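# Provided below are the primary sequence and the corresponding predicted coordinates.
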Amino acid sequence: MAESIPDLFSQDQAFKSGRHIFTVSEVTQEVKALLEGAFGSVWVEGEVSNCRPSGSGHVYFSLKDPGAVLSAVIFNRAARDIKFKLEDGLKVICFGKIDVYAPRGQYQLIIDKIEPKGIGGLQLALEQLKAKLEKEGFFAPEHKKPIPYLPARIGVVTSLTGAAIKDILKVLDRRFKDVHIIINPVKVQGEGAGEEIALAIDEFNCLNQGLSEKEKVEVLIVGRGGGSIEDLWAFNEEIVARSIYASRIPVISAVGHERDVTIADLVADLRAATPSVAAELVIPRQEDLRQRLEELTASLKQDFQDAVKVLQDRSFDLAHRLKIAAQHLWEINSNRLDANAKKLSLVNPAAKLELYKTKLADLARQIFVRMQHLVSLKDAGFKGLIENLSSLNPLNILSRGYSVTFQLPEGKIVKDARSVSPGELIRTKVYQGEIISKVTEVS
Amino acid sequence: MAEIKFEEALKKLEKIVEDLENGDLSLDEALKKYQEGIELSRTCSAKLDSAKKKIDVLVKNKKGEFEFKPLDQAKTEE
């Protein structure tokens, strides 16, 4: 280019002296040399319009502002480095060379680097992808799968040499040991990292299809340690987002530090601030488990005791009721038995016999008593009679001065004076002796 | 019982405790559950004490099948 400038001057002098006629190529060559020489590399600010990516990977568009339009091209090698999507209306700052394209007689800006104005390119790319995936429902809460409690198999997608795996293994040392960690090693930054991460997630899902229910990988931790936004970039790539979204195994993202939120974090079923946190989320602390186990065992014992107590109380209650019921029945029956026995004894001939016997004995005794009574009565009467008799004894009367007179010779007691006649002999008995007399007069 | 996973055993134990809490069990059932529970509790406890972590790396062999390789081995091969 340096030699074309004096060349141009000589042509210019030739033109002044005597009308030099350029060919189209010549004049274009002159323009090209002039333009490219004057500008070299430049920064240009403008708005993207009429953007047309081509099949070859080159991107053609126009840069414009209110007063002018400038054709621009990004050749495929430069285009690959652009993280964001070039869209019409986007305000950009470009760095490149002014070029004259002779076959079309056009000048254009060949862009080496392009950045969105006011916001970093990566940041813009992130926003653009975020908006797109959001539209597709990638971040929808209803799509999030639950993270299993105490997963026995944990898949890890990260670099074998990075900080993430070291952190995860360190956490494991302090925690529950009955886990199987399976690492699917990937590149976590640089060219092709996104593809590797996506593939590793797909591989875990593929692996699970061949495993029995008990052997399946239950959760995936996908992540890496901290770094710049460029270092973490793979986790902002669409291919990774799509793999996480498609994964049937729940995914915990663990990218960088607390403040770094990547697309992977948004799509994942759970976002852990760091890889250590991710491990802590799925691997419980040994002592927490021990405590839980102790609590469970204690309640097991208590509940069993309670259950037995309930049954015991119930059986005691039943036994008590049974006893009462039996007693009641016994009483009823034994009363009835007594009554029947009584009734029966009433009709028992033996009993009757006995009864009659006693009655008989009774009667006999009564008879005896009465007899005795009678006898004693008679006895008394006899005595009285005797006494009476003795009182009637004429001798007794005689003793009191009375006398008995017998008619002679018959000896009949004279009770009526007229039974005797004068001249008859009578015998008068007195207390002491007898007197024979002759009746002289009867009155 | 020997090969039961810790979390499976813990879950079973939780279920048994729940069953016992809900009551309405015959003595036989309660006793069976209790025995099973104690057994599970012992299993869990043993696993807590004896469990060893296992860390493998997922690799694909020449046939394209997945294989697990212990981490240490995988690292030395790298």
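Received it, and whenever you're ready, just let me know what you need. Numbers count the residues shown, from 1 in each chain, chains lettered A, B, ... in the order given.

# roughly how far does A:D167 sit from chain B?
14 Å (C-beta to the nearest C-beta, to the nearest Å). Using the backbone N, CA and C atoms, a C-beta is placed for each residue, glycine as well.

# that's a helix at that residue, yeah?
Yes - with the criterion set as DSSP: H, G, I helix; E, B strand; the rest coil, the secondary structure at A:D167 is a helix.

# read off the pLDDT value for it.
On pLDDT, A:D167 comes in at 89.

# I figured it hits A:E280, correct?
No - applying C-beta atoms under 8 Å, one finds A:D167 not in contact with A:E280, separated by 10.0 Å.

# ok, the two, which is more surrounded?
Counted by other C-beta atoms under 10 Å in any protein chain shown, A:D167 and A:E280 do not tie: A:D167 has more neighbours, with 21 against 18.

# give the contact list for the more buried one.
Residues in contact with A:D167 (C-beta atoms under 8 Å, 6 or more residues apart in numbering or on different chains) are A:G225, A:T274, A:P275, A:S276, A:A279.

# ok, the first one - contacts?
Just to be clear, that refers to A:G225. For A:G225, the contacting residues are A:G162, A:A163, A:A164, A:D167, A:G256, A:T274, A:P275, taking C-beta under 8 Å, 6+ apart as the criterion.

# chain neighbours aside, what residue packs nearest to residue 61?
I'll assume chain A. Closest residue in space to A:F61, ignoring its immediate chain neighbours: A:C51 at 3.9 Å, by C-beta to C-beta, 6 or more residues apart in numbering or on different chains.

# wrong one, chain B
Counting by C-beta to C-beta, 6+ apart, B:E67 is the residue found nearest to B:N61 once chain neighbours are left out, at 5.2 Å.

# who are the packing partners of the helix or strand where the one you found lies?
Counting by DSSP states H and E, the element that carries B:E67 is strand B:66-70. Here strand B:66-70 touches helix A:193-209, strand B:54-60, going by 3 or more C-beta pairs under 8 Å, 6 or more residues apart in numbering or on different chains; DSSP states H and E.

# CSV for those, including distance to A:V186 and mean neighbour count?
Compiled in CSV, those are given as follows (distance: least, C-beta to C-beta, whole Å; neighbours: other C-beta atoms under 10 Å in any protein chain shown):
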stretch, distance to A:V186, mean neighbour count
helix A:193-209, 4, 20
strand B:54-60, 10, 18
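
# now the ones you listed in CSV, with mean pLDDT and distance to A:F316?
Putting the helices and strands packed on strand B:66-70 into CSV (pLDDT from 0 to 100; distance: least, C-beta to C-beta, whole Å) gives the following:
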stretch, mean pLDDT, distance to A:F316
helix A:193-209, 93, 56
strand B:54-60, 87, 53
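
# turn the ones you listed into a markdown table, columns for distance to A:G96.
Listed next are the helices and strands packed on strand B:66-70 as a markdown table, based on distance: least, C-beta to C-beta, whole Å:
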| stretch | distance to A:G96 |
| --- | --- |
| helix A:193-209 | 27 |
| strand B:54-60 | 44 |
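
# distance check, the residue of the stretch 201-350 of chain A found nearest chain B against B:K15.
Going by C-beta to the nearest C-beta, chain B is nearest to A:D303 of the stretch 201-350 of chain A, at 3.7 Å. With the distance defined as C-beta to C-beta, to the nearest Å, A:D303 ends up 12 Å from B:K15.

# and these two? Which one has more around it.
The residue with more neighbours, out of A:D303 and B:K15, is A:D303; 23 against 13, by other C-beta under 10 Å.

# that one belongs to a strand?
No - assessed with three-state DSSP, A:D303 is helix; it does not lie in a strand.
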